[in-house]
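1. mind looking at a prediction? Sequence and model below.
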Amino acid sequence: MSSVLLGFSGGIDSTTAAEHLKGEGYRVVAITIDTMLSDATIERAKHRAEELGIEWYLYDGRECFERDIVNYFCQEYATGRTPAPCTRCNTLIKWQILLEEAERLGIEHIATGHYFRITKHNDHYYVTKGVDATKDQSYYLWGLSQEVLRRAITPMGETIKREVKENFVDKSESMGICFLEGRPYAEFLNDRGIAMQCGDIVNECGEICGCHNGIARYTIGQKRGEGLKDGMRVIDIDASKNRIIVGPATSLYKHTLHINNANIVDINELLTADDITIKIRGIGVNPEHPVSIERWEDGFMIHTPDAAYAPAKGQPLVFYRGERVIGGGIVVGFN
C-alpha cells in the first residue's frame, strides 16, 4: 500500500482530501503544521484524524513561520511593498515541510487540500488549474519546485467546492491571512513595532497635496485613508522618500511590468510561446490577452496589450499557458 503525507488542519478541504485518498487505497498520515495555530484548531485536527482512522502528528513550524512569513510580511509593508504571505508560505513552509518530513519518514507521496492539479509536459511537472474555476488555487502555488511536484498528489483537483460543503454541517472555513486573526493589518504592524512615520502625499507632478500617517497603512489602488482626497487613488509608494503618490484611477493601468525572484519551469517555453497569459491577483480583474516576455536584468519584462490594473510591488505575477502554470515571479516595477 502506498503512503501519503497529508497537510491536515481538520477543516473541510483537508478532511475531504483525506477521505478521497483513503478511498483510493492510500495509507494516509496526517501532519498538522503548527504555525500560529490556536489550541482549538490543533485539537480539531487531532479529533478529525481519529474520526477518519488515520495516523496524525503535530509539527512545530512556529519558528520558521515567524522568520520567513511574519517578519517578511512586516518588512514588506514597512518598505512600501504589498506582500503575498500565503503564496510564500505555500512555497517555503507548507510544501517544503511536507517534502522534508515525507523524506524523513520514508513516505512516497505528499498532498494537501489545495484545489489544483498537476500535469506532466515535456518531462516537466506543472501546477495546473483545478476543475472548479471558482476555487482554483493554482495562482498561489507558482513557486512549487519540481521536486515537490514529482512527489505530490492532488486529491482536490477534480473536486467542486460547492459539493464538498454539502457534506458538512459546519460549513465555516478560514479566510484571509491566518496570523492576522481578523485584525486590520495596520493594527498588527503597529503591535509588531513597525514605525508609522507621517510624510507627504504628492501628485504625479511631485506637488504636495496632503499628509499620510505611515506608508504601511496604504496599498496600491487605495482611495480612502488619511490625507486621500476624493477622486484620487494611491498609484505608487516611494519608501525612500516616505511619500505616497496619488493620481486618478486611469493612472493605475500599466502595460509594462518587471519581475524578479522568478520560478520558471521551462525558460525556452516562456520566451518563445505566443499564447502566454498572466495573472497579477488570485481574485479580481486580470489581463486577458497574451503577453510578450523578455529578459530584464535578473528577471523578466512583461508587455501586456490590455493593461494590468493596479499591480503592486511585492505581489506575484503568474504565467499561464492554457491551464498550466509555467512560472511566476514578484513584481518589482511597472509603467
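-> Yep, that arrived.

2. which ones are touching the closest residue to residue 221 other than its chain neighbours?
-> Closest residue to residue 221 apart from its sequence neighbours, by CB to CB, 6 or more residues apart in numbering: residue 310 at 3.8 Å. Heads up, the C-betas are built off the backbone N, CA and C, glycines and all. Contacts for residue 310 (CB atoms under 8 Å, 6 or more residues apart in numbering) come out as 220, 221, 233, 252.

3. which residues touch the closest residue to the first one other than its chain neighbours?
-> The spatially closest residue to residue 220, leaving aside those adjacent along the chain, is residue 312, at 4.0 Å (CB to CB, 6+ apart). With contacts taken as CB under 8 Å, 6+ apart, residue 312 has the following neighbours: 81, 82, 219, 220, 221, 331.

4. how is residue 312 assigned, secondary-structure-wise?
-> coil (DSSP: H, G, I helix; E, B strand; the rest coil).

5. residue 59 and residue 33 touch, don't they?
-> Yes - if you go by CB atoms under 8 Å, residue 59 and residue 33 touch, sitting 4.9 Å apart.

6. those two: which is more packed in?
-> Neighbours per residue (other CB atoms under 10 Å) separate residue 59 from residue 33, with residue 33 holding more: 22 against 15.

7. from residue 196, how far off is the more buried one?
-> The gap separating residue 33 from residue 196 is 32 Å, by CB to CB, to the nearest Å.

8. could you do residue 130 as well?
-> Using CB to CB, residue 130 is found at 39 Å from residue 196.

9. between these two, which is the more surrounded one?
-> residue 130 (23 against 14).

10. what do residue 59 and residue 33 both touch?
-> With CB under 8 Å, 6+ apart as the test, residue 59 and residue 33 both reach residue 97.

11. give me phi/psi at the residue nearest to residue 221?
-> Backbone geometry at residue 310, expressed as degrees, to the nearest 10, gives phi 50, psi 50.

12. which of the helices or strands spans the most centrally placed residue in the chain?
-> In the chain, the centroid-proximal residue (CA atoms, centre = their mean) is residue 87; its distance is 2.5 Å. Element membership for residue 87, per DSSP states H and E: helix 85-89.

13. and that helix, what does it pack onto?
-> On a contact count with 3 or more CB pairs under 8 Å, 6 or more residues apart in numbering; DSSP states H and E, helix 85-89 meets helix 71-78.

14. in the helix it packs on, what's buried?
-> For helix 71-78, a neighbour-count test (16 or more other CB atoms under 10 Å) marks 72, 73, 74, 76, 77, 78 as buried.

15. any idea how far the last one is from residue 63?
-> With distances taken as CB to CB, residue 78 is found 21 Å from residue 63.

16. and what of the fifth one?
-> Using CB to CB, we find residue 77 at a distance of 22 Å from residue 63.

17. just the second one next, same as before
-> Between residue 73 and residue 63 the distance is 16 Å, computed by CB to CB.

18. quick one: the strands in the stretch 51-200 of the chain?
-> Along the stretch 51-200 of the chain, counting by DSSP state E, counting those that start in this stretch, strands occupy 55-60, 109-111, 116-121, 124-129, 152-153, 199-202.

19. tell me where this structure has helices.
-> Secondary structure of the chain (DSSP state H): helices at 12-23, 39-52, 62-65, 71-78, 85-89, 95-105, 146-151, 161-165, 185-191, 267-272.

20. now those helices in TSV, with distance to residue 297 and mean pLDDT?
-> TSV is the format used below for the helices of the chain (distance: least, CB to CB, whole Å; pLDDT from 0 to 100):
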stretch	distance to residue 297	mean pLDDT
helix 12-23	39	97
helix 39-52	42	96
helix 62-65	30	97
helix 71-78	20	95
helix 85-89	22	96
helix 95-105	27	98
helix 146-151	25	98
helix 161-165	40	89
helix 185-191	30	91
helix 267-272	15	97
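
21. of all those helices, which one is nearest residue 29?
-> Proximity to residue 29 (CB to CB) singles out helix 95-105 among the helices of the chain, at 7.1 Å.
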